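Novice: Dropping the sequence and predicted coords here.
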Amino acid sequence: WAYLPYSMLMAGPREALQHMMIRKNFGCTHFVVGRDMAGSKSSITGEDYYGAYDAQDFAHSISEELGVQVVPSLNLVYTEEEGYITADKAKELGLKPLKLSGTEFRRKLRAGEDIP
């Protein structure tokens, strides 16, 4: 977005609406909404202000009025048994997602190893 200097405001669902409107004004017909888009936590309690899917739900509720199709970004995880699947499906199947730290990711990348 070099042509649109904009910083995240961490305003949750309202910010999803703002992003949708800005992008529509630039000609976009689809909008990808991530899990916990523009979410923020309380600096006192550490609790999330918004639910993980509040922005996606809100975007869906206004998409027709705005004329923008919402594309939800799924929370994907990697499991040895199934490869990439949604976190919900992994939980449903009782599979343990593999976690990869930034340090381990960089080590694998430098070593030319497969990265799940």
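Specialist: Received the coordinates, thanks. What you see is a predicted model; the values in this text were computed from it and never measured.
Novice: check contacts around the most centrally placed residue in the chain.
Specialist: For the chain, Gly34 is the residue whose C-alpha lies nearest the centre (C-alpha atoms, centre = their mean; 2.4 Å). Contact analysis of Gly34 by C-beta atoms under 8 Å, 6 or more residues apart in numbering lists Ala55, Ser73. All C-beta spots, glycine's among them, are computed from the backbone N, C-alpha and C.
Novice: please redo it, this time with the cut-off set to 10 Å
Specialist: Contact analysis of Gly34 by C-beta atoms under 10 Å, 6 or more residues apart in numbering lists Ala16, Ala52, Ala55, Gln56, Pro72, Ser73, Leu74, Asn75.
Novice: again, but for Glu113
Specialist: Counting by C-beta under 10 Å, 6+ apart, Glu113 touches Glu104, Arg107.
Novice: just checking, it is part of a helix?
Specialist: No. According to DSSP: H, G, I helix; E, B strand; the rest coil, the state of Glu113 is coil, so it is not within a helix.
Novice: So for Gln2, what's the pLDDT?
Specialist: To be clear, residue 2 is Ala; Gln isn't right here. What the model reports as pLDDT for Ala2 is 65.
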